[in-house]
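In: Starting from these lines, generate the structure:
(one chain, ligands or ions: 3)
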Amino acid sequence: MKTVYSPLHHRRTATSELDGGVLIAPHERPSRAETILQRVRDQALGEIVAPVNFDLAPILRVHTLEYVSFLEHCWEEWAAAGKPGEAIPQFWPARGMRQRAPKDIDGRLGYYALGADTSITEGTWEAARASVDVALTAQELVAGGERAAFALCRPPGHHAAADLFGGYCFFNNAAIAAQAFLDQGAKRVAILDVDFHHGNGTQSIFYHRNDVLTISIHGDPDLVFPHFLGFEDEIGEGDGAGYNLNIVYPPGTPFSEWQQGLETACERVADFRPDALVVPLGVDTFEGDPISFFRLKSENYLAMGERLGRLGLPTLFTMEGGYDVDAIGVNVANVLKGFDLTL
Ligand SMILES: NCCCCCC(=O)NO
Ligand SMILES: [Mg+2]
Ligand SMILES: [Zn+2]
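Out: Numbering: from 1, shown residues only. Ligands and ions are numbered 1, 2, ... in the order given. Purely as a prediction, here's the structure:
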């Protein structure tokens, strides 16, 4: 399958991530994308394609104008305020306070952030836009007849909601691509998130709709980020009731357990009869991942890809998490290889 990649991901090179009370070198770093790209090339998985540049219209089908404008101008406002470090939120509209975006940049950062783990830096806007272009270019390949395409997105997207950033995400690449399928005539799209973390942004974007089925298999939010969404009783609301499925697993879950969730998810996708499948592909389910607690092994990603391929659907993969940089290339390529075995 083809891979879409943009070197503009390098414009997102943050130097600080708040973790454990200190600022660390971010887990979500440029070497992740470069390692995956090298493995895709070494394995000759398919052509590497540069993205087409899209305007804001597809982004605004998912994200609010106020939020997009905040992201575009945040860094310049932060720098103009004379702040010494990277733009990191400190204050939130907590319970009992007014849920509105103030004028001050500190207040605006907290209003639009779901956590303090994700800084905004000079170049973040450009990299996030390019990551959307990568996803939309891959979506066009699939809509144009390719059985599957891999959007090597960086920064990732599945934690980003209509007006929220965090968990290293700014624009929800997978949601924007899913909406593009619908805007081009698809009746139903399924999103099956295999990242270790709950795709809270994706869930909330489509929570009241029945034209997008959102499924996520992830670590128990009672024990891990995003902490406040992703529980199994979240099934959708209104027209969307029954069109959201969360499958939650505990620490130490091996592939033999995890794949039962994948089977449940795939059967739900098949029942939904979508015109396209979007797979937010995080490989932080890996046993060596530094911030996660599942125990998948590299060879398991072949079986993961093969099961997804057996759905027989036009499929778009969007890169999400995975922070064992030594293993990320092998693990991502194994999903794509396993998928291609079913062609
Ligand atoms: N810094 C808190 C954890 C962020 C998780 C990022 C991720 O991999 N999401 O899928
Ligand atoms: Mg997931
Ligand atoms: Zn993740």
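In: need the residues of the stretch 51-200 of the chain near ligand 2, please.
Out: Counting by Cβ under 5 Å from the ion, the residues of the stretch 51-200 of the chain lying close to ligand 2 are Asp193, Asp195. C-betas here are computed from N, CA, C, even on glycine.
In: what do you get if the cut-off is 8 Å, keeping everything else the same?
Out: Taking Cβ under 8 Å from the ion as the criterion, the stretch 51-200 of the chain approaches ligand 2 at residues His158, Asp193, Val194, Asp195, Phe196, His197, His198, Gly199.
In: Those residues of the stretch 151-300 of the chain touching ligand 3, which are they?
Out: Checking the stretch 151-300 of the chain against ligand 3 by Cβ under 8 Å from the ion, the hits are Pro156, His158, Gly167, Asp195, Phe196, His197, His218, Phe225, Gly282, Asp284, Ile291, Ser292.
In: Just among the residues you listed, which is most surrounded?
Out: Most neighbours among these, by other Cβ atoms under 10 Å: His158, with 32 neighbours.
In: Nearest residue to that one in space, please, no chain neighbours.
Out: The shortest distance from His158 to any non-neighbouring residue, by Cβ to Cβ, 6 or more residues apart in numbering, is to Gly199 (3.9 Å).
In: Let me see the contact set for the one you found.
Out: His158, His159, Ala174, Ile191, Asp193, Thr214, Ser216, His218, Pro280, Glu320 (Cβ atoms under 8 Å, 6 or more residues apart in numbering).
In: Regarding the nearest residue to Gly240 once chain neighbours are set aside, what are the backbone dihedral angles?
Out: Nearest residue to Gly240, sequence neighbours excluded (Cβ to Cβ, 6+ apart): His208, at 4.4 Å. His208 adopts backbone torsions of phi -100, psi 20, taken as degrees, to the nearest 10.
In: Correct me if wrong: His208 contacts Tyr243.
Out: No - His208 is beyond contact range of Tyr243, at 9.1 Å (criterion: Cβ atoms under 8 Å).
In: Next, count neighbours for the residue of the chain found nearest ligand 3.
Out: In the chain, the residue that lies nearest ligand 3 is Gly321 (2.7 Å; Cβ to the ion). Number of residues near Gly321 (other Cβ under 10 Å) recorded here: 27.
In: OK, contacts around it?
Out: Listed by Cβ under 8 Å, 6+ apart, the contact partners of Gly321 are Glu28, Pro156, Tyr168, Asp195, Phe196, His197, Gly282, Val283, Asp284, Ser292.
In: can I get the residues you listed in JSON lines with pLDDT and secondary structure?
Out: Below are those laid out as JSON lines (pLDDT from 0 to 100; DSSP: H, G, I helix; E, B strand; the rest coil):
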{"residue": "Glu28", "pLDDT": "98", "secondary structure": "coil"}
{"residue": "Pro156", "pLDDT": "99", "secondary structure": "coil"}
{"residue": "Tyr168", "pLDDT": "99", "secondary structure": "coil"}
{"residue": "Asp195", "pLDDT": "99", "secondary structure": "coil"}
{"residue": "Phe196", "pLDDT": "99", "secondary structure": "coil"}
{"residue": "His197", "pLDDT": "99", "secondary structure": "coil"}
{"residue": "Gly282", "pLDDT": "99", "secondary structure": "coil"}
{"residue": "Val283", "pLDDT": "99", "secondary structure": "coil"}
{"residue": "Asp284", "pLDDT": "99", "secondary structure": "coil"}
{"residue": "Ser292", "pLDDT": "98", "secondary structure": "coil"}
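In: Return the member of these nearest to ligand 1.
Out: Among the contacts of Gly321, His197 lies closest to ligand 1 (Cβ to the nearest ligand atom), at 3.5 Å.
In: how near is that closest one to Val212?
Out: For His197, the distance to Val212 (Cβ to Cβ, to the nearest Å) stands at 19 Å.
In: which residues in the stretch 51-200 of the chain form strands?
Out: Under the criterion DSSP state E, counting those that start in this stretch, strands of the stretch 51-200 of the chain are mapped to 148-151, 189-193.
In: Serialize these to CSV and add fields for distance to ligand 1 and mean pLDDT.
Out: Shown next, in CSV, are these (distance: least, Cβ to the nearest ligand atom, whole Å; pLDDT from 0 to 100):
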stretch, distance to ligand 1, mean pLDDT
strand 148-151, 15, 99
strand 189-193, 9, 99
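In: So for Trp92, which of these sits nearest?
Out: For the strands of the stretch 51-200 of the chain, the distance to Trp92 is smallest for strand 189-193, at 25.3 Å, taking Cβ to Cβ.
In: Residues in contact with the one helix or strand Asp271 maps to: which ones?
Out: Asp271 is part of helix 255-272 when elements are defined by DSSP states H and E. Outside helix 255-272, the residues that touch it by Cβ under 8 Å, 6+ apart are 188, 190, 192, 194, 213, 215, 217, 245, 247, 249, 277, 285, 294-297, 300, 303-304, 307-308, 310-311, 313.
In: Understood, closing this out.
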